[in-house]
Every structure is written in structure tokens, then in C-alpha cells.
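Undergrad: Let's see this in three dimensions:
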Amino acid sequence: MRALPAGWATASIADIALFNPKTVAEDSMNAGFAPMQLLGTRYRDRMVFEERPWGEIKKAYVHFQQGDVIVAKVTPCFENGKAGIAPPLPNGLGAGSSEFCVFRPAQGIDERYLLAWLSTEDFRRRATVAMTGSVGLKRVPKEVFLSERIPLAPESEQKRIADKLDGVLARVDAVNTRLASVAPILKRFRQTVLAAATSGRLTEDWREQCEAEARRTFALSDLVVSIDQGWSPKCGADAAPPDRWAVIKTTAIQALHFYPEENKALPNDLDPRPSLALADGDVLITRAGPRSRAGIACVVKGDHPRLMLCDKAYRIRVDRSKVLPQMLNLLLNSPEILEVIDGMKTGISESGVNLTQAKFRELALSVPRIAEQAEIVRRVETLFAFADRLETRLHAAQAATARMTPALLAKAFRGELVPQDSNDEPASELLRRLQQEAPSPRAKRRRKSAA
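TA: Residues are numbered from 1 along each chain as shown. Purely as a prediction, here's the structure:
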């Protein structure tokens, strides 16, 4: 075990905090009420509440007051990190979910310091293993919380640590906010590129140089060799190895992207249908399902001779003298065409619509000559590759910042976040006083807030 920093001690949480203390107040007084959904999942999330009369919430819920540390004890809320500190409350009164555990720190224990420990990965890992109850409804037992041993810094150092965490993690939050704004920008960039590509704006300069002919409008039926619907055999849930026949799931078809690993193995007692196998350049579009999923298109890259089309999708094989598969894929994913396709869907339920082949074949598409199509595809692929590189860097940055909070918390409890001060009263003296006194955490201040 790592040696404690100078002046530190270890203590159980039972030694430094009251557990689920009760509050007595008049029923008519307003109070703060916090159901589980109002407790945040990030270390610095501010807890919010609703106002309710104390008489409505005092019996069925857990009580708390300003400055109390609140932790969800039930799965999956505990694993998701739901915890926080009670903010200023109406009349100093609060109550919340019966799945909360409330800790009222003793005098000399900084509530932010206690919350930080209960938010560390080490503690949460141990507590998760110790959960009891049925699958899907497990809870951290009270004894696990109260017997937890916490490395306790001197009172002054607790405050310095908590202040440092507040300052550094505020900057981490700011970075996360900026990073989160990048993904929507990349999405808008791709949509703008698609709109420019399918409207002709992307290759205006190319047409001027090449004196290209104007675009022509075709019905989809005039551009294709075949539109086929797939098969829906009864399959297991597991994906097939490369040497086995399989049927794709509709989740294999995402906007502009095909994911062949999203498939279901064909049972051995069923004969495959080679005519439904997927080949390089096949354009796929979902034809049935929830409204948000029907009408999604992609193009297949590479041959997949043992991977078959599913029943809820169409396979389009194009006349390549008129349209490139990649160009059709761009057209079907353009905002303008997506809106037209949405209007073609039949069905009254958002959870179940259909794109009939008869209507789909009538879809009008404005298509340039093959040479311009090739230039459009080249430019789009170049711009999308640039966006993909940015997205990869974004994900790496987000992963790095996600690790900063647990890393900083771990560093704090190793005594490495702020320097020790030899003039601080040792934590052992603080514990000695707490053992001599009844644990009345900031009692005077709390009575004043409840008055």
C-alpha cells in the first residue's frame, strides 16, 4: 500500500460523516425535491431540484440539507457516476429519491473532498463488486459506504485540494464543451458538401473549364438495371465468420457507410440464395422500419459473395453508362432527396413505415454526365476524408479529456495535486476531536439555514 503523505491519516466514512440524517420541519414549509434524474453524472455537475411542500416529500424520500453529499446507490445510476452536493435549498430543506445515500460531513471535513473520494474509480470499482440484489436492480449496501477507508488530508489541505480540483476541472469542462461543439460542425460540413455535390455547385469551376453539358433529370427506373428486395430467414443473433453465409441486418446500412460485420449467420439447414449476394457497387437502401430508419442509403465496397440482402432493404444495381454507384449514393443521401423520399413513405405509425418499390422507381434525380460524376465523387471523397481525419482527432481528444477527471482525483488522494504544508494541523488531530465529540456536522450553520 502506498504510504500516506505527511500529516494525513485514514478514516472510515462512518467516522467523518452522518449517514442519511433525518430533518424535522413544518409540513407547510417549501423544500427542494430531487428525483434521480436531477442528480448529475459528472463530478462537477450542479444538482438541481423542484420546489414542493415539505409535508408532501418528508415520508417517502431521503432527507438532505445544503452541503450534504448525495450518491445514487442503485444500478446503473451508481456506475454512471450519479453524485453531487446539495445546493442552497428553500428553508434549508431537501428530500430526494429513496435510492440516494446522503452523507453529512462532520466539522472539519470538506464536502467537496468527500464527494471527490466517492467519485474515484477505485472506490466505485470496489463498491460495484460489492453490490447486492437481483440482476438489474442491485444496490451498494450501506455498510460498504460506511466502512470505506478514505485517505484524509488535514482540514486546510482538504480545502486546497478541493479548490484545485474545482479550478482544473472547470477548465476540463470548458475543453469538453468546445470539443462537443466540433461534431455538429463536422456534420453540417458533410451535409453542405453533399448539397453542393448534388446541386452542381461543387463542380461549377470544372464545368466551366471542360465546357460540360447541362445536367439531365431521370426517373430512378431509367438509371438502374435492377432493384431487388432481400430475404428474411429465421437466423440466430450471432454474426457469421467469413466462410459462412449470412444475411445483413438493416443496421449494416448507415448513411453513406456499409458495415458488413452487421449480419446474422444463416442456419445450416437453410440453403443460401446466391442471387441475393452483395457485390462491389451495389447501392443499398432500407425500405421498411421506423420512419427514421427507412430510406437510408449506402454503397457496398468490395464483393461479399456469402453476404445476402435482407428483406427490409433494396439492392440497386445501376446502369454505369448513366450513373456511377457512388454518385447515386450521394444523391440518395442529399438533404433535398431525403425529403422527397420521406414523402414517399407509406404507413401511419412512426414506428413502422414502408418505401414501396413502385413509388421509389419514380424518384426524379438530376444527374450530370459521367465525367462530371467522377469529378464530383473524387472531390467529395477528398473532403470527406479530411472530415474523417478531423473526427478521428476529435475522438482521441475526447478520450484524453475523459481520462483527466479520474486521473486528477487519483492524484489528489496520493497527495500529489497540491503541496503539503508542515504548519497544517495533522488529520490525526482532527480525527481525535471527532471521536471525542458527537458527530454534529456544522450543526449551527444548518440550523440557521433551516430557520
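
Undergrad: how about the helices in the stretch 151-300 of the chain?
TA: Ranges of helices within the stretch 151-300 of the chain are 155-180, 182-199, 204-210, based on DSSP state H, counting those that start in this stretch.

Undergrad: closest one to residue 435 among these?
TA: helix 155-180 (15.3 Å; Cβ to Cβ). In short, each C-beta sits where N, CA and C put it, glycine included.

Undergrad: Would you mind listing where this protein has pLDDT under the threshold?
TA: For the chain, the stretches with pLDDT under 70 are 1, 351, 438-451.

Undergrad: Now do the domain split for it, please.
TA: What automatic domain parsing lists as the domains of the chain is 9-153+426-450, 155-212+368-424, 216-363.

Undergrad: quick revisit: mind putting the helices of the stretch 151-300 of the chain in a markdown table, mean neighbour count and distance to residue 347 included?
TA: Below are those laid out as a markdown table (neighbours: other Cβ atoms under 10 Å; distance: least, Cβ to Cβ, whole Å):
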| stretch | mean neighbour count | distance to residue 347 |
| --- | --- | --- |
| helix 155-180 | 16 | 35 |
| helix 182-199 | 16 | 26 |
| helix 204-210 | 12 | 39 |
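
Undergrad: Looking at those, which is nearest to residue 327?
TA: Taking the helices of the stretch 151-300 of the chain one by one with Cβ to Cβ, helix 182-199 is closest: 8.6 Å.

Undergrad: contacting residues around the closest one?
TA: Contacts to helix 182-199, defined as Cβ atoms under 8 Å, 6 or more residues apart in numbering, come from residues 201-203, 330-331, 333-337, 366, 376, 379-380, 383-384, 387, 390-391, 394.

Undergrad: ChimeraX command for the buried members of the residues you listed?
TA: Those of the contacts of helix 182-199 that count as buried under 16 or more other Cβ atoms under 10 Å are selected in ChimeraX with:
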select :202,203,330,331,333,334,337,376,379,380,383,384,391,394
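
Undergrad: Next step: the contacts of helix 182-199 restricted to strands.
TA: Using DSSP state E, the members of the contacts of helix 182-199 that fall in strands are residue 366.

Undergrad: any chance of the helices of the stretch 151-300 of the chain in TSV, with distance to residue 370 too?
TA: Below are the helices of the stretch 151-300 of the chain laid out as TSV (distance: least, Cβ to Cβ, whole Å):
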stretch	distance to residue 370
helix 155-180	41
helix 182-199	15
helix 204-210	12
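
Undergrad: Out of these, which gets nearest to residue 434?
TA: helix 155-180 (11.0 Å).

Undergrad: Show the secondary-structure elements that that closest one is packed against.
TA: helix 111-118, helix 370-402, helix 404-412 (3 or more Cβ pairs under 8 Å, 6 or more residues apart in numbering; DSSP states H and E).

Undergrad: got the angle between that helix and helix 404-412?
TA: Angle of helix 155-180 versus helix 404-412, following axes from the mean of the first three to the mean of the last three Cα atoms, to 10 degrees, is 160 degrees.

Undergrad: Identify the residue nearest residue 281 in space, chain neighbours excluded?
TA: residue 325 (4.1 Å; Cβ to Cβ, 6 or more residues apart in numbering).

Undergrad: The one you found and residue 437: what is the separation?
TA: Separation of residue 325 from residue 437 (Cβ to Cβ, to the nearest Å): 78 Å.

Undergrad: related to what we said a few turns ago, residue 110 is nearest to which of the helices of the stretch 151-300 of the chain?
TA: helix 155-180 (4.2 Å).
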